[in-house]
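[1] Build me a model:
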Amino acid sequence: MKINWDSEVLSSVSKAVDQLEHLSINKDSIESVADWLAYEEFPFPSSTAVRDDADDFIRATMFMNTLNFAFTDFDKSIKYEINKDGKILSDSEAMYFQVNNAISSGIKLTDGNEMASISLHQLKNIFVGNIEMPMLKERVEILNEVGQKLVDSYEGDWINFVNNGPKKLYSDGSGLIERLVEEFPRFDDSSQFKGSNVKFYKLAQLAFWVIHAELSGSNYFKIKDMNSMTAFADYIIPVALNLKNITTYSPQLDKKIKSGVLIERDTDEEIEIRVASIYTTALLTESINKKRPEDKAIIIPQLDYRLWKNYHATHYPHHLTYTTMY
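    Numbers count the residues shown, from 1 in each chain. Below you'll find the model as predicted:
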C-alpha cells in the first residue's frame, strides 16, 4: 500500500518542509534507521480499553480521543501516572484504564448527554493519579461541547456519526476525518505557517486508527484508505526522531526543550516540530517498506505506534506546549 502523499495532512506538511528554520532533517539517518528497523515486527496495537461489544468499543475510543492530550505537568514536567497492581501506566494508557474502569462501573461516559453535563468534580473523581490530570478544566469544557453536538445531531451517540458516511478518511467531504473536523471544532487541528494552512489532525486520525486496528480483522470496521493516514504529531514521536538523529534541533530550541520552557502553540518552533514528525515518519515508512516483502509492507500508523510505545514513558525531555490538540 503506497503512501498517499496527496492526502490532506501529508500534502500540507510537505509544502512546509522547505521552510523549516528551527530544526533540520537528516535523510541519511532515515536510511540508516530503516536498515535495522525494517526487520522488526510491527503489530497493530491491542487497545487497553476493549469493550465486549464492537459499538461500545467505538464509543469508548471516540470518547478517549476527545480527551487524549496533555499528560505532563507544565510546571514540573512530571507525567501523569497510575499504579495498577504494581505496574505503572503512563499518560494515555493511564487515561484509557481509568475511563474503562468508569464505564465498567456503570457511568455512561460515552453517552452525549453524560458528556454534555459532566462536571469538573466528576472528572476529578475519575482521574486520580500521581498528579492532578493536567488541563482538567479544558477537558470538561471540551466534553460539554462535544457532548452537546452529539445530542443535537446524532441522538447522543457516536455510532450514528460514524455510520453517517463511508468508512473512508476522505471522500469528497463526507469522509470520517472530514466530517469530524468540520462538525466538531475541537478536532480541527491545523496551524497557519508562513502563509499556508498546515493540517495535523492528530486526534481525529488517532481515533480512527485505534478503531481500525482493533476491528479491521473482523471486517466490522475497516477503513478503505489507510494509506492516507499519517503519524500523530504529538510530544513523544519527536523525542524518538531526535534521539535517532533523524531530526536535529537548533541550539536555541534544544535548550528550550531540555529546560522545560513552554513553546507556545502556533509558533514557528512548535509547528516545525510537528511538521518534521509527520514528514520524516512518512519517509521512514517508505524506506522501511523498500526493505520488506510487499505482503509485509507497513502503514505509517504502525511505525508511529512502534516509536510511541518505546518512548512514551521515557524520562527524556519532550517539548511542552499548552494545547488541547495533543
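[2] Give me the neighbour count for the closest residue to residue 325 other than its chain neighbours.
    Leaving aside its sequence neighbours, residue 325 sits nearest to residue 189 (C-beta to C-beta, 6 or more residues apart in numbering; 4.4 Å). In this view, the C-beta of every residue, glycine as well, is placed from N, C-alpha and C. Number of residues near residue 189 (other C-beta atoms under 10 Å) recorded here: 23.
[3] Span of stretch 222-233 from start to end?
    The first and last residues of stretch 222-233 sit 23 Å apart, counting by C-alpha to C-alpha, to the nearest Å.
[4] wait, isn't residue 116 in contact with residue 142?
    No. Contact criterion C-beta atoms under 8 Å: residue 116 and residue 142 do not qualify, at 11.3 Å.
[5] what sits against the residue nearest to residue 325?
    181, 199-204, 325-326 (C-beta atoms under 8 Å, 6 or more residues apart in numbering).
[6] remind me which residues of this structure are low pLDDT?
    Residues of the chain that meet the criterion pLDDT under 70 lie in 47-51.
[7] quick one, strands of it?
    23-25, 81-84, 87-90, 190-193, 196-199, 247-249 (DSSP state E).
[8] Mind listing what's buried along the fourth one?
    By neighbour count with 16 or more other C-beta atoms under 10 Å, strand 190-193 contains the buried residues 190-191, 193.
[9] Which other helices and strands does it contact?
    strand 196-199, helix 268-290 (3 or more C-beta pairs under 8 Å, 6 or more residues apart in numbering; DSSP states H and E).
[10] same for the first one, what does it pack against?
    Other elements packing on strand 196-199 under the criterion 3+ C-beta pairs under 8 Å, 6+ apart are helix 8-16, strand 190-193, helix 268-290.
[11] need the ones you listed in TSV with distance to residue 44, can you?
    Below are the helices and strands packed on strand 196-199 laid out as TSV (distance: least, C-beta to C-beta, whole Å):
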stretch	distance to residue 44
helix 8-16	20
strand 190-193	27
helix 268-290	15
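[12] quick one: terminal-to-terminal distance for stretch 41-52?
    Start-to-end span of stretch 41-52 (C-alpha to C-alpha) is 27 Å.
[13] try stretch 262-276
    Note: stretch 262-276 ends 19 Å apart using C-alpha to C-alpha.
[14] Kindly report the same for stretch 18-31.
    Terminal residues of stretch 18-31 are spaced 20 Å apart (C-alpha to C-alpha).
[15] Pull the residues that contact it.
    By C-beta under 8 Å, 6+ apart, stretch 18-31 touches 17, 193-194, 244-250, 252-253, 268-269, 272-273, 275-276, 279-280, 283-284, 287.
[16] shouldn't residue 96 be in contact with residue 64?
    Yes. Residue 96 is within contact range of residue 64, at 6.0 Å (criterion: C-beta under 8 Å).
[17] neighbour count winner among these two?
    For the pair residue 96 and residue 64, the greater number of neighbours falls to residue 64 (23 against 20), based on other C-beta under 10 Å.
[18] how much space between that one and residue 219?
    According to C-beta to C-beta, to the nearest Å, residue 64 stands 23 Å off from residue 219.
[19] How about residue 258?
    Applying C-beta to C-beta to residue 258 and residue 219 gives a distance of 46 Å.
[20] next one: residue 99
    Noted for residue 99: a distance of 26 Å to residue 219, by C-beta to C-beta.
[21] now do residue 323
    Computed as C-beta to C-beta, the residue 323 to residue 219 distance reads 36 Å.
[22] For the two, work out which one has more neighbours and name it.
    Ranked by neighbour count (other C-beta under 10 Å), residue 323 and residue 219 place residue 323 first, with 17 against 7.
[23] and the nearest residue to the more buried one once chain neighbours are set aside, how many residues sit next to it?
    Excluding the flanking residues, the one nearest residue 323 by C-beta to C-beta, 6+ apart is residue 265, at 4.4 Å. If you count neighbours by other C-beta under 10 Å, residue 265 ends up with 14.
[24] Please verify my assumption that residue 265 contacts residue 322.
    Yes. In terms of C-beta under 8 Å, residue 265 counts as a neighbour of residue 322; the distance is 6.5 Å.
[25] need the contact list for the residue lying closest to residue 115 once chain neighbours are set aside.
    Spatial nearest neighbour of residue 115, excluding adjacent residues (C-beta to C-beta, 6+ apart): residue 147 at 2.7 Å. Neighbouring residues of residue 147 by C-beta under 8 Å, 6+ apart: 111-118, 156.
[26] among the contacts of stretch 18-31, which ones are buried?
    The neighbour count (16+ other C-beta under 10 Å) marks 193, 244, 246-249, 253, 268-269, 272-273, 275-276, 279-280, 283-284, 287 as buried among the contacts of stretch 18-31.
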